[in-house]
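In: quick check, what structure comes out for this input:
(one chain, ligands or ions: 1)
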Amino acid sequence: MQYISTRGGMPPKSFTDILLGGLAPDGGLVVPDRYPTIDLATLEGWRGHTYPQLAFEIISRFATDIPAADLGRIIDCTYTRQAFGSDDITPITELEPGLHLLGLSNGPTLAFKDVAMQLLGNLFEYVLEQRGEQINIIGATSGDTGSAAEYAMRGKHGVRVFMLSPHGKMSPFQRAQMFSLTDSNIYNLAVEGMFDDCQDIVKTISADAGFKSRYKIGAVNSINWGRVVAQVVYYFRAYLAVVKRIGDKVSFVVPSGNFGNICAGHIARQMGLPIGRLIVATNENDVLDEFFRTGHYKVRQEAKPTSSPSMDISKASNLERFIFDLVGRDANELARLWRELDQTGGFDLSQTHYFDKMDEHYGFDSGRSTHEDRINTIQLAKQRFGIVIDPHTADGVKVALERRQAGETVVCLETALPVKFESTIIEALGEAPPRPAGFDTLESQPQRFTQMPNDAEAVKQFVVNAINA
Ligand SMILES: *Cc1c(COP(=O)(O)O)cnc(C)c1O
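Out: The predicted model follows:
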């Protein structure tokens with residue numbers, strides 16, 4: 001399998017060639033030149049597979065230049081009971097007939113990003129070792145991404161992580177998760193500024209091509225193809241767990257921000273998984289809900305801070321992968337839309353035949369929720385289903401209850417555990433969320449971080465010093 005750019009300006013490359021990179025050189029996103037297809041008989045044969053077996057079947061179809069024995073070993077040591085709390089890896093619970101919750105948050109940092117990031121850490125180490133290379137990852141986080149990346153890369157040979165976070169702005173739990181790591185290849189930089197300032201510093205450094213190549217700077221943000229592909233696996237897993245007869249349709253509701261998670265659902269559908277609808281759930285930052293309702297994609301000036309902070313986005317970077325398929329994989333048409341986006345801040349498909357295809361052919365639908373909806377849904381889930389859900393998952397459950405149709409089988413993706421967002425849970429339920437085993441003393445462990453001025457040059461200097469140390 002070869003990889004190309006959505007904007008047509010990259011010669012075909014292999015999986016291991018694109019794994020360590022971010023954007024394609026022409027500014028587009030990397031996509032496979034075709035989707036491997038799975039027929040129903042093959043799917044039937046996967047029914048008894050363990051999570052690692054299923055992951056191997058799917059990922060090996062995309063990572064064709066990694067020898068099968070190596071890939072199998074990497075997958076087997078990633079998806080373990082030890083890392084994810086059970087052999088199921090992504091356990092599924094029936095909330096009521098026709099409505100299921102897919103548990104994706106049992107990895108080391110208690111958010112769904114671990115499922116992909118843990119694999120990425122092992123793949124990075126393997127590819128770097130094969131090539132005798134090193135990488136220095138620079139990222140910005142408001143909470144979930146940074147901790148998932150650090151727990152995936154800690155102690156890995158050839159990898160250093162420099163994670164920028166806004167000083168004093170993360171939840172105490174998230175701060176403790178990151179700052180209590182003592183691995184010598186992990187550097188936490190608390191920037192005197194907001195999350196946007198951290199992101200701007202990362203952008204400034206990434207735009208310095210000389211610095212980037214000299215110091216082998218890389219990223220693990222949500223556009224990384226390896227992350228997307230690892231997420232495809234659990235759509236198959238959930239499907240096999242809930243359908244009575246292979247071929248019946250299942251719909252998914254996905255709490256969404258950068259469109260990475262649900263993009264994996266779209267890919268599963270393109271591979272032939274019988275998915276009915278893919279329902280995007282947003283919070284007040286509803287740029288995606290607006291797009292799927294109206295066909296008008298309008299990037300916001302800035303994201304509003306909400307009580308489901310990991311979905312606070314002003315634009316959805318992975319959407320470009322879906323639009324590429326929507327326009328019939330026509331890179332010129334895609335590039336034209338993104339030029340319009342750069343010039344005017346958006347594009348409008350409402351008057352085109354693409355708009356009807358979004359739901360009729362690709363099954364997309366959407367909904368949104370507010371802080372009040374989240375609080376009500378956390379209360380409802382406790383009363384009706386006897387479970388405590390986090391604010392992001394609540395956005396999904398709210399939209400699932402509102403949008404589901406009679407007879408439809410719906411799977412709602414759980415994206416984090418409630419303990420990460422204690423204050424919202426206390427607001428909704430009047431009591432703190434349950435703490436998983438092993439996390440009871442997290443906030444009292446010693447913390448290690450370096451405070452930094454809001455200045456890209458100072459961050460660069462820190463990186464250089466750490467590399468030369
Ligand atoms: C990252 C994240 C999301 C959004 O996922 P995308 O792939 O960006 O759409 C939702 N919920 C939680 C808890 C997250 O950490």
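
In: enumerate the residues of this structure near the ligand.
Out: Within reach of the ligand by C-beta under 6 Å from any ligand atom, the chain has these residues: 111, 113, 144, 222, 255-261, 310-311, 392, 415-416. To be clear about C-beta, it is placed using only N, CA and C from the backbone, and glycine gets the same treatment.

In: now, which of those lie within strands?
Out: residue 255 (DSSP state E).

In: so where do the strands sit in the stretch 301-450 of the chain?
Out: Using DSSP state E, counting those that start in this stretch, the strands of the stretch 301-450 of the chain run over 346-348, 364-368, 410-414, 450-452.

In: quick one: contacts for residue 117?
Out: Residue 117 makes contacts with 148-149, 151-152, 220, 227, as judged by C-beta atoms under 8 Å, 6 or more residues apart in numbering.

In: try it again at 7 Å.
Out: The neighbours of residue 117, taking C-beta atoms under 7 Å, 6 or more residues apart in numbering as the test, are 148-149, 152, 227.

In: distance check, it against residue 244.
Out: Applying C-beta to C-beta, to the nearest Å, the value for residue 117 to residue 244 is 33 Å.

In: likewise residue 168?
Out: 51 Å.

In: ok, back up a step: nearest to residue 240 among the residues of the chain next to the ligand?
Out: For those, the closest approach to residue 240 (C-beta to C-beta) belongs to residue 261, at 18.7 Å.

In: that closest one reaches residue 254, doesn't it?
Out: Yes - Residue 261 is in contact with residue 254 according to C-beta atoms under 7 Å; the separation is 5.3 Å.

In: who touches both of the two?
Out: Jointly contacting residue 261 and residue 254 under the rule C-beta under 7 Å, 6+ apart are residue 413.

In: who does the closest residue in space to residue 218 that isn't next to it in sequence bridge with?
Out: Leaving aside its chain neighbours, residue 218 sits nearest to residue 135 (4.4 Å; criterion: C-beta to C-beta, 6 or more residues apart in numbering). Beta-bridge pairing for residue 135 (DSSP bridges): residue 159.

In: pretty sure residue 135 contacts residue 125?
Out: No - using C-beta under 7 Å, residue 135 makes no contact with residue 125, being 9.9 Å away.

In: find residues that contact each of these two.
Out: Overlap of the contact sets of residue 135 and residue 125 (by C-beta under 7 Å, 6+ apart) consists of 158-159.

In: the residue nearest to residue 218 and residue 159, how far apart?
Out: 6 Å.

In: ok so, going back, of residue 168 and residue 244, who's got more company?
Out: More neighbours surround residue 168 than the other of residue 168 and residue 244, with 9 against 6 (other C-beta atoms under 10 Å).

In: which strand or helix spans the more buried one?
Out: Assigned by DSSP states H and E, residue 168 falls within no helix or strand.

In: do residue 278 as well
Out: Element membership of residue 278, judged by DSSP H and E, is strand 275-282.

In: what helices and strands are in contact with that strand?
Out: Contact partners of strand 275-282 among helices and strands, from 3 or more C-beta pairs under 7 Å, 6 or more residues apart in numbering; DSSP states H and E: strand 250-255, helix 260-270, helix 287-294, strand 364-368, helix 391-403.

In: quick one: contacts of the shortest one?
Out: To tie it back to what came earlier, the one meant is strand 364-368. Strand 364-368 has contacts (C-beta under 7 Å, 6+ apart) with 277-283, 286, 288-289, 292-293, 358-359, 399, 402-403.

In: direction included, what does it pair up with?
Out: Assessed with DSSP bridges, strand 364-368 is paired to strand 275-282 (parallel).

In: so which residues of the stretch 51-200 of the chain form helices?
Out: Taking DSSP state H, counting those that start in this stretch as the test, the helices found in the stretch 51-200 of the chain are 51-59, 68-78, 81-84, 113-131, 144-153, 172-179, 195-207.

In: for the residue lying closest to residue 391 once chain neighbours are set aside, list the residues it contacts.
Out: Leaving aside its chain neighbours, residue 391 sits nearest to residue 308 (4.3 Å; criterion: C-beta to C-beta, 6+ apart). Neighbouring residues of residue 308 by C-beta under 7 Å, 6+ apart: 283, 374, 391-392, 395.

In: perfect, that will be all.
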